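>>> Pasted the sequence and its predicted model underneath.
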Amino acid sequence: MNITGLFFALLAIIGWSSYPTLVSYFGGKPVQGIFGATWGTLIVAIVLALVTRMPMLNGSNFWLAFFSGAAWAFGNVLTIMAFGMKDEAGNALGSAKAMPISTSFQITANVVWGVTMLGNWASMTSKVLGFFAVVIILIGAYLTTYQEKKTAGNKQLLLKAVGVLLIAQVGYSLYGILPQYTHGTDGMHMFLPQAIGMAAFGLLVGLYETFKNSNNIFKQSVTYKQIFSGLFFAMAALGYLVSAQPAMLGLATGFVLSQVSIVGATVSGILVMHVHKTGKEWTVISVGLVMIVAAAAVTAFI
């Protein structure tokens with residue numbers, strides 16, 4: 001067991017538990033959420049680089065980290081869009097429902113790539129245990145979306161959200177995969193180039209919104225409030241980037257552990273956004289969350 005890797009995975013869990021709820025709480029348009037998250041991350045990355053006097057990466061290492069950050073920003077803007085999607089009655093999907101779906105897609109994609117292409121979970125025993133752990137996590141994530149009273153509008157909204165989140169998964173997959181192909185560096189050194197890639201994408205979508213849609217987000221206070229949510233994302237991004245490195249926990253284990261954040265994201269999303277849940281719904285959701293935590297814990301030992 002790599003204690004340092006587990007520490008950074010814990011940072012990712014804390015950061016990603018808080019980030020989706022804060023994005024929903026501050027509100028605004030998806031473009032404002034992505035600008036705040038990316039520039040909040042860039043601020044943290046610059047401060048960290050200055051304090052530790054880390055040199056900037058160059059060559060292919062820089063660009064792999066840069067494009068992984070831009071890919072995440074692409075995926076995240078679509079995910080934030082999914083948070084705000086509404087059914088016919090005007091009820092928003094919200095982070096409490098969107099995050100379990102997104103997490104399911106991300107776990108599946110990253111574990112498959114980590115095991116088949118990067119050699120994670122090398123032994124057959126590890127593969128079998130890891131496979132069952134992932135299946136349990138996916139079932140648990142599904143349970144967290146449980147609704148006692150379903151309507152046609154709920155189902156239609158969920159189907160639309162699944163389509164958006166599948167496209168977002170392309171960006172999230174590249175975010176996890178590209179840093180694995182850098183050479184002679186580590187997650188700490190990749191953090192600033194990755195943050196620059198994120199911030200570049202965030203600035204581009206912000207400028208597009210300003211000039212194409214005549215909506216100057218840079219004059220709106222909510223844009224800068226979202227930077228606060230970005231500070232929590234920065235914690236998560238750094239924690240995941242370091243923990244998922246081959247010398248730490250590897251992509252498969254590092255990513256699965258980081259996604260325990262779905263527990264905090266789901267519960268905080270329900271409480272902070274005042275989403276009403278029946279006793280039965282809370283019971284089913286709680287069972288799902290326990291399944292996620294227990295199965296993710298198994299991956300820390302394989």
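Sure thing, it's come through.
>>> Every contact and neighbour count from this point should use C-alpha atoms.
Will do.
>>> Assumed residue 185 was part of a strand.
No: using DSSP: H, G, I helix; E, B strand; the rest coil, the assignment for residue 185 is coil, not a strand.
>>> From residue 178, how far out is it?
Distance of residue 185 to residue 178, computed by C-alpha to C-alpha, to the nearest Å: 13 Å.
>>> So if I had to pick from those two, which one is more boxed in?
More crowded of residue 185 and residue 178, by other C-alpha atoms under 10 Å: residue 178, with 18 against 12.
>>> That one against residue 70, yeah?
No: the criterion here is C-alpha atoms under 8 Å, and residue 178 misses it with residue 70 at 11.1 Å.
>>> CA atoms only for stretch 166-182, dumped as CSV, please.
Output of stretch 166-182 as CSV, limited to C-alpha atoms (Å, rounded to 0.1, in the frame of the first residue of the first chain):
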residue,chain,number,x,y,z
LEU,A,166,-21.3,10.2,-22.7
ILE,A,167,-19.8,13.0,-24.9
ALA,A,168,-18.3,14.6,-21.9
GLN,A,169,-16.6,11.2,-21.1
VAL,A,170,-14.3,11.7,-24.2
GLY,A,171,-12.8,14.7,-22.5
TYR,A,172,-12.6,13.0,-19.1
SER,A,173,-10.9,9.9,-20.6
LEU,A,174,-8.2,12.0,-22.2
TYR,A,175,-7.7,13.9,-19.0
GLY,A,176,-6.9,10.6,-17.2
ILE,A,177,-5.0,8.9,-20.0
LEU,A,178,-2.7,11.5,-21.6
PRO,A,179,-0.6,12.1,-18.4
GLN,A,180,0.2,8.4,-18.3
TYR,A,181,2.3,8.8,-21.5
THR,A,182,4.7,11.4,-20.2
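>>> contact partners of that stretch?
Contact with stretch 166-182 is made by 60-61, 64-65, 67-76, 78-79, 102, 105-106, 109-110, 113, 190, 245-246, 251, as judged by C-alpha atoms under 8 Å, 6 or more residues apart in numbering.
>>> and residue 246, how many neighbours does it have?
16.
>>> Shouldn't it be within a helix?
No: going by three-state DSSP, the assignment for residue 246 is coil, not a helix.
>>> Show the backbone phi and psi for it.
When read as degrees, to the nearest 10, the backbone of residue 246 gives phi -50, psi -30.
>>> residues contacting it?
With C-alpha under 8 Å, 6+ apart, residue 246 has these contacts: residue 180.
>>> do the same with residue 61
Contact analysis of residue 61 by C-alpha under 8 Å, 6+ apart lists 182, 183, 185, 190.
>>> Among those residues, give me the pair with the biggest separation.
Using C-alpha to C-alpha, the contacts of residue 61 span at most 10.8 Å, a distance reached by 183 and 190.
>>> Neighbour count for those two, which is higher?
residue 190 (26 against 9).
>>> That one is in contact with residue 58, isn't it?
No: counting by C-alpha under 8 Å, residue 58 is not a contact partner of residue 190; they are 10.2 Å apart.
>>> any common contacting residues for the two?
Joint contacts of residue 190 and residue 58 (C-alpha under 8 Å, 6+ apart) do not exist.
>>> residue boundaries of the helices in the protein?
Along the chain, counting by DSSP state H, helices occupy 3-26, 30-52, 59-84, 95-116, 124-143, 152-177, 187-212, 221-243, 250-258, 261-272, 279-299.
>>> List the buried residues for the third one?
What it means is helix 59-84. Going by neighbour count (16 or more other C-alpha atoms under 10 Å), the buried part of helix 59-84 is 61-84.
>>> ok and it relative to helix 30-52, angle-wise?
Here the directions of helix 59-84 and helix 30-52 differ by 140 degrees (axes from the mean of the first three to the mean of the last three C-alpha atoms, to 10 degrees).
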